[in-house]
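[1] below are the sequence and a predicted model for it; my questions follow.
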Amino acid sequence: MADKDLSRRALLGAGATAFAAGTLSAPAVFAQPTTTLRCGFWDHWVPAGNGAIRELCAEWGQQNRVNVQVDFITSVGNQNLLTIAAQAQSRSGHDLLSFPTWEPAAKADLLEPVDDVMGRLIGKYGPVNDAAEYLGKIRGTWRAIPAVSGTQMKPACVRFDLLEQHAGIDIRAMWPAENRRGPGADSWNWDTFLAAAEKCHAAGVPFGMPMGSFTDAVDTTGAILASFGASMMDARGNVTVRGNAKLKTAVEYLVRLSRFLPNDVWAWDDGANNRALISGRSALIFNPPSAWAVAKRDAPQVAEKCWTVPMPAGPEGRFVPYLPYFWGIWAFSRNKGPAKQLLEFLSERSSAEKQTNTSNGYDIPPFSSMSDFAVWATEGPPVGTVYNYPLREHHNARASVAQAPAPAEFAVQAYQQALNTKVVARVNQGGETVDQALAWLERELNTIRRGG
Amino acid sequence: MAADGSLAGAALRRGAPNSLQRFARRRSSIAVLMTTPLLVIIIGLVAYPAVYAIYLSMLNRRMTEFVGTLNYEILLESETFWMVAFQSCFFAITAVLLKALIGFWLAHMLHDIPDRGQRKWRGMLLVPWVIPPALSTLGWWWMFDPSYSSINWLLAVISVPEVPWLGHHWWARIAIIMVNVWIGAPFFMIMYLAALKSVPEQLYEAAAIDGATGFQRLRYVTLPMMANIISITVLFSLIVTFANYDIVRVLTNGGPRDLTHVFASYAFQVGILSGNIPRGAAVSLFMLPLLALCAFFVLRGVVRRNKEQM
């Protein structure tokens, strides 16, 4: 009997415990999420671009019972850079933020390592491009995840009719909207480009290549230098200007090319090349598809004659300017775990495709395995115009970041001060010889290097 | 309350005020108490940021190590920095002089207009000053646009060759100064107009009786009476113009070849855009001694004139 009583008591006790546990835990399952993840994403140029991020965050938040609070921070007036600087100084703010190109390196010590997330993503989708790794993997550790939203490449956007008419180049045949090179693609190099620039300049539709201090100018010039094998600083931070024959050749080339550009390119901003294309006054610019997209809206007769192709090749290969965004998590965030999960979710193939589709193909994922999204083949008019916007295997091209391979802390200063376009301007505008301009460049780089 | 005598009784019971009460009743204590909010604001919004900026300027790029005056030394050895220093001084001095002259002339023109009509003109002339500078600069930028300049379009109508407003450094410098003068001249105008209205009419009548010419009236009556306002306005404008950022940022971004950068735009480029906040802080702090020197001389002149008038 005693045994029977005890077992009944034990049974009742166990039942009561189980019931209490179930009852008490019920609100945690069905109630509102208790974690709030504060996210600051880049405010997209393409109006619908923010919609994809908002929907994906809501979807993930619902699945994981996390309240995802999303802010979109504009890069107009460098508001995003100011926000990053302020949060870094105060050690408070969002849990995760969108970081422009150079910021992961600049704020590396304040960012949570994301090697685990990148390891899983690389395992699933293959390696990311070298340029993204150069900017996001600092001293051997991934400090930020190469983002889809906001990341762009700047290949050539060509007015195929004007190039054929004035320079005799059928660019669509050369780079069709297929995974193959067309006839003449091997001759798409900087010599061909220079000859075409001269002819188009003479015809009154010069190539719209800015040479000022804004990013379009710096990125294009950087890719040209890279394709000549020319760098100003090596990966250890040593200045490599003196006696650098490749750099001198590249600068001389840029000086020659600049003579066939509009004479006011030294003052052009990032919108000037877009305007040159959209107004029908230029036969070629280097840009993401945004210029074409605006033309599609404002000047459809121009847009339907545009075709995006890779950059011409130089003696050391073909390099396409790359300007990525990153997603990073502050080391002082209290929600690092959920932040990592969200960013991994946003980097998944399906999420990346949604972002790219919503931005009409503007956003470029960092994984080359994702360069087959349908949007680039179907966008138009003309259909296929942005097919060659992402890097494809048959392009035999690499992503370029101006001032690489210099250590990021020095490279960003040379980049922001547009040393690569100024060295050309000092010859073309300032009347200096190439050697004098290179001597100035060396002094400037040494100033940047000093003081760590 | 006093009718029942309760308070008076209580006061008598309390006797002489204690030391804390005496301290609280002292005029100096009340003065300190009243100025505390102002002191808190000055310490929080002026002194602390200034001291913090000086501290920042003495750190290395990663802000992990104290490097003393190294950032200042590096800047003094940089060609770009000296160009920036030259352009800042050239821009500020030229723009302030032009604003002062135009403002002075406009104030006189307005002063001579009868009161009813004056209000209308005064309102219209103040428009450039009340529009947010970033917006009006954007409007000017459209007019100076390298490829689609509306000013050049108008020049072409009268067969004048195109001007590379933002592409050539001297034209770009002129463009920046033009915009700054356009925005700032109304401020001088309104200040000088107020000063002109405060000059006693009897002085001009006396000068007329003495047979003074227009220039003599200006030289010996108007200018001495306006001297303090002129000095203070010039100093104030010099400080604001020296620290100007938006005009350069919108119009030229410091280009071509860094020849239009001023301290503020260069500090932003070095500090925020290039991620070298300590060196950016050092650039912006170079303004401090220059402006302090100007303020010292201008304010000394004001004090001296005040003493003479007393």
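    Perfect, I can see it now. Numbers count the residues shown, from 1 in each chain, chains lettered A, B, ... in the order given.

[2] chain B contacts on the stretch 301-450 of chain A?
    A:409, A:412-413, A:415-418, A:422, A:425-426, A:429-430, A:440, A:443-444, A:447, A:450 (CB under 8 Å from any CB of the partner chain). Just so you know, the C-beta spots here come from the backbone N, C-alpha and C atoms, and that holds for glycine as well.

[3] now, the residues you listed that are in helices?
    A:409, A:412-413, A:415-416, A:422, A:425-426, A:440, A:443-444, A:447 (DSSP state H).

[4] returning to what we had before: just the buried ones out of the residues of the stretch 301-450 of chain A next to chain B, please.
    Buried members of those, counted by 16 or more other CB atoms under 10 Å in any protein chain shown: A:409, A:412-413, A:415-418, A:422, A:425-426, A:429-430, A:440, A:443-444, A:447.

[5] thinking again about what came up before, CSV for the ones in helices among the residues of the stretch 301-450 of chain A next to chain B, including pLDDT?
    What follows is these, written out as CSV (pLDDT from 0 to 100):
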residue, pLDDT
A:Glu409, 88
A:Val412, 92
A:Gln413, 92
A:Tyr415, 95
A:Gln416, 92
A:Lys422, 96
A:Ala425, 95
A:Arg426, 95
A:Trp440, 95
A:Arg443, 94
A:Glu444, 93
A:Thr447, 91
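
[6] picking that back up, among the buried ones among the residues of the stretch 301-450 of chain A next to chain B, which two are most distant?
    A:Glu409 and A:Gln429 (29.5 Å; CB to CB).

[7] ok, the nearest residue to A:Gln403 once chain neighbours are set aside - contacts?
    In this structure, A:Gln403 finds its nearest non-sequential neighbour in A:Ala411, 3.8 Å apart by CB to CB, 6 or more residues apart in numbering or on different chains. A:Ala411 sits next to A:102, A:233, A:401-404 when contact means CB atoms under 8 Å, 6 or more residues apart in numbering or on different chains.

[8] name the element A:Ser351 belongs to?
    helix A:349-358 (DSSP states H and E).

[9] buried ones in the strand or helix carrying A:Arg172?
    Secondary structure from DSSP H and E places A:Arg172 in helix A:171-174. Neighbour-count burial for helix A:171-174 flags A:171-172, A:174 (criterion: 16+ other CB under 10 Å).

[10] so what secondary structure elements neighbour that helix?
    Under the contact criterion of 3 or more CB pairs under 8 Å, 6 or more residues apart in numbering or on different chains; DSSP states H and E, helix A:171-174 touches helix A:160-167, strand A:306-309.

[11] and the ones you listed, which is most packed in?
    strand A:306-309 (a mean of 25; mean count of other CB atoms under 10 Å in any protein chain shown).

[12] beyond that strand, next helix or strand please.
    strand A:313-314.

[13] what about that next one, average pLDDT?
    Here strand A:313-314 scores 97 as its mean pLDDT.

[14] quick one: whichever helix or strand comes after that strand to chain centroid distance?
    Once the chain leaves strand A:313-314, the next helix or strand it forms, by DSSP H and E, is strand A:317-323. Centroid separation between strand A:317-323 and its chain, computed with CA atoms, centre = their mean, to the nearest Å, is 11 Å.

[15] direction included, what does strand A:317-323 pair against?
    Looking at strand A:317-323 with DSSP bridges, its partner strands are strand A:152-153 (antiparallel), strand A:313-314 (antiparallel), strand A:397-400 (parallel).

[16] can you tell which of these is closest to A:Val294?
    strand A:152-153 (14.4 Å).

[17] list the contacts of the closest one.
    Under CB under 8 Å, 6+ apart, the answer for strand A:152-153 is A:288, A:290, A:320-324, A:362-364, A:389-391, A:399.

[18] nearest to B:Ala206, of those?
    For the contacts of strand A:152-153, the nearest to B:Ala206 is A:Ser290 (70.4 Å; CB to CB).

[19] show me the contacts for that closest one.
    Contacts of A:Ser290 (CB under 8 Å, 6+ apart): A:45-46, A:152, A:274, A:362.

[20] filter these down to the ones in strands?
    A:Gln152 (DSSP state E).

[21] and the contacts of A:Ser290 as CSV, adding pLDDT?
    Formatted as CSV, the contacts of A:Ser290 follow (pLDDT from 0 to 100):
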residue, pLDDT
A:Trp45, 81
A:Val46, 78
A:Gln152, 95
A:Asn274, 95
A:Tyr362, 92
